[in-house]
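Asks: sequence unavailable; structure follows:
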DNA sequence: CTCGCTTGATACCTATGCGGTATAGTCTGA
DNA sequence: TCAGACTATACCGCATAGGTATCAAGCGAG
């Protein structure tokens, strides 16, 4: 697949007519037909219904059209932004972060940075804690914010703060009735959802080892790839999930209760 | 610019070495060098610093690398999703919406739809009210949710509800002190921000004509392209802005107060 | 129903440009 | 300073995009 094919397809989808689309693209009609055929063959799906006039998009074609529009816009925007960046000799600060920091202090930090250094371009790259160490080493990022201690002598770590952990509970679960803090052993014999699945060690391991320390055995443990998915499963009543307090802002259709355990915290680590 | 060039650049950026990258791409090294040169020439900016070994990315190159990764991922994902859609013969419901409905009832509607019809693929397309009429006619969308009455005999309109309007006020503005409803003439001699700039008629016209009806003359009126920008300017203390009540969820760093006027409402229209 | 017009597909040719090979030039580290 | 690793340049062959001519299939007017 090729950007050219996307451009061609967008023109045809917009004009609903190969001949007019070809004129707009400043090419002859037969090459256009062929490129669209190749695109359909590559995807393995018919995008256009040619047996009617004006021609129609299939459902797949309609979806592909919307996506193609956005991809092309994104490419163009990237080109312009990169050019601007290169020409202006502005500095770029590249910040790696794990998703949960998006709902904590990171947006404020970024806003303040931009306010204080308007000439600085701040770029945000979502990376898991373990990936940040490597990204830092090869200068993909300049600084990272994670939740897991990944020991590496080449990397300096600063603990910004310890954040309380809370329990995410489906709306109609018995535990969602009360409001006060819950002891950790509430989780015994409950279905638990943890994240991320990989790479290890991860926030999932922190939670599981905290439970193991306290001798608490959940009924079933399901691993998912990320925080958003975990909370989605909680909302779908699959089980409970332990998350940093700041993640409460993410969804309001589930209940959260504090955890009554001194060690139920998660560090926010700058590397 | 070309997807191939993005793939090549990603390989070089990752390997920090043309020769190894070329091996991974299963091509010889000279063509790779040339493609990267052409890419740099096309963008007009140097992406790599070749005078050091291992080679380094410029700031622009670092930015372009992150963007290229995301674009390539998006393209691949689109291809798979389109294929799945075409193969499975699933139905797609394409919903057009104006951004303000994202903070009102639309997410709930979509969630219910997905719950009730799991076999249905719901696609969301952001379009201004005026664009929705056209999108509906050529089947780009199946249904639209907007805020402006665009009279067109070919299109059926259903008013879902009338939503109250509220006034968005910067945090340190004198009006942000109180909490109760404000009369419309509070806006007299105040700087006002309205959106969207085009196409007309838009929500901006609804607000402006409401003010004109009441004989209220703002000091200065600034038009911006969209709701998010408008609220951004409010936060930056450029002026006040009238928004639907549901948009209050968007930003918490500014104040909102009800408007004490029976007609200070905005319809939510399904077309 | 038919004729003519519009429009997309097919066949074949041309030419742009991608990738390959050979080689020169340059930087790094011992 | 020299060997080795690495990128740029020059040039060639071929794959493929685009062009031209033409066919086939719908659609509308009469």
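Replies: Now that the structure is in, tell me what you want to look at. The structure presented is a predicted model; accordingly, all values stated were derived computationally and were not measured.
Asks: list the contacts of the spatially closest residue to residue A:32 that is not a sequence neighbour.
Replies: Leaving out its chain neighbours, the residue that sits closest to residue A:32 by C-beta to C-beta, 6 or more residues apart in numbering or on different chains is residue A:22, at 4.4 Å. Yep, even glycine has a C-beta here, placed from its N, CA and C like the rest. Residues near residue A:22 by C-beta atoms under 8 Å, 6 or more residues apart in numbering or on different chains: A:28, A:29, A:31, A:32.
Asks: top of these by neighbour count?
Replies: residue A:32 (21 neighbours; other C-beta atoms under 10 Å in any protein chain shown).
Asks: ok, that one - contacts?
Replies: Residue A:32 sits in contact with A:8, A:11, A:12, A:18, A:21, A:22, A:25, where contact means C-beta under 8 Å, 6+ apart.
Asks: inside helices: which ones of the residues you listed?
Replies: By the criterion of DSSP state H, membership of the contacts of residue A:32 in helices covers A:8, A:11, A:12, A:18, A:21, A:22, A:25.
Asks: closest to DNA strand C out of those?
Replies: Nearest to DNA strand C among those is residue A:18, at 3.2 Å by C-beta to the nearest atom of the strand.
Asks: identify the residues contacting that closest one.
Replies: Per C-beta under 8 Å, 6+ apart, neighbours of residue A:18: A:12, A:29, A:32, A:33, A:36, A:55.
Asks: what's the per-residue pLDDT of the third one here?
Replies: With respect to pLDDT, residue A:32 has a value of 91.
Asks: swap in residue A:60?
Replies: On the pLDDT scale, residue A:60 gets 89.
Asks: give the closest residue to it in space, chain neighbours not counted.
Replies: residue B:86 (3.7 Å).
Asks: show me the contacts for that neighbour.
Replies: Applying C-beta under 8 Å, 6+ apart, the residues near residue B:86 are A:43, A:44, A:45, A:46, A:47, A:58, A:59, A:60.
Asks: hmm, 7 Å instead?
Replies: Residues counted as contacts of residue B:86 (C-beta atoms under 7 Å, 6 or more residues apart in numbering or on different chains) are A:45, A:46, A:58, A:60.
Asks: what's the helix or strand for the closest residue to the first one other than its chain neighbours?
Replies: When the adjacent residues along the chain are set aside, residue A:45 lies closest to residue B:86, with 2.8 Å between them (C-beta to C-beta, 6+ apart). According to DSSP states H and E, residue B:86 maps onto helix B:59-88.
Asks: off-centre distance for that helix?
Replies: 19 Å (C-alpha atoms, centre = their mean, to the nearest Å).
Asks: list the buried ones in that helix?
Replies: Neighbour-count burial for helix B:59-88, counted by 16 or more other C-beta atoms under 10 Å in any protein chain shown, picks out B:59-68, B:71, B:75, B:78-79, B:81-83, B:85-86.
Asks: close to chain B: what parts of the stretch 101-250 of chain A are there?
Replies: A:123, A:125, A:140 (C-beta under 7 Å from any C-beta of the partner chain).
Asks: from the residues you listed, which land in strands?
Replies: Among these, the members found in strands (DSSP state E) are A:123, A:125.
Asks: would you mind giving the residues of the stretch 101-250 of chain A next to chain B as CSV with pLDDT added?
Replies: As requested, these are exported to CSV (pLDDT from 0 to 100):
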residue, pLDDT
A:123, 88
A:125, 90
A:140, 90
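Asks: of the residues of the stretch 101-250 of chain A next to chain B, just say which sits nearest to DNA strand C.
Replies: So of these, ranked by how close each gets to DNA strand C (C-beta to the nearest atom of the strand), first place is residue A:140, at 20.3 Å.
Asks: ok, that closest one to residue B:188 distance?
Replies: Using C-beta to C-beta, to the nearest Å, residue A:140 is found at 53 Å from residue B:188.
Asks: count the neighbours of residue A:177 for me.
Replies: 10.
Asks: do you know how far it is from DNA strand C?
Replies: 62 Å (C-beta to the nearest atom of the strand, to the nearest Å).
Asks: can you give me the pLDDT of that residue?
Replies: pLDDT recorded at residue A:177 is 87.
Asks: around DNA strand D, pick out the residues from the stretch 51-200 of chain A.
Replies: For the stretch 51-200 of chain A, the residues in contact with DNA strand D (C-beta under 7 Å from any atom of the strand) are A:51, A:52, A:53.
Asks: filter those residues down to the buried ones.
Replies: In these, nothing passes as buried (16+ other C-beta under 10 Å).
Asks: show me these that map onto helices.
Replies: Checked against DSSP H, these include nothing in helices.
Asks: chain B: which of those is nearest?
Replies: residue A:52 (11.9 Å; C-beta to the nearest C-beta).
Asks: show residues contacting stretch A:132-149.
Replies: Under C-beta under 7 Å, 6+ apart, the answer for stretch A:132-149 is A:93-98, A:100-101, A:106, A:125, A:127, A:129-130, A:150, A:152, A:154-155, A:157, A:201-203, A:206, A:266-271, B:62.
Asks: from what I can see residue A:268 touches residue A:164, true?
Replies: No: taking contacts as C-beta atoms under 7 Å, residue A:268 lies outside contact range of residue A:164: 11.5 Å.
Asks: so these two - more neighbours on which side?
Replies: Taking neighbours as other C-beta under 10 Å, residue A:268 and residue A:164 compare with residue A:268 leading, 22 against 14.
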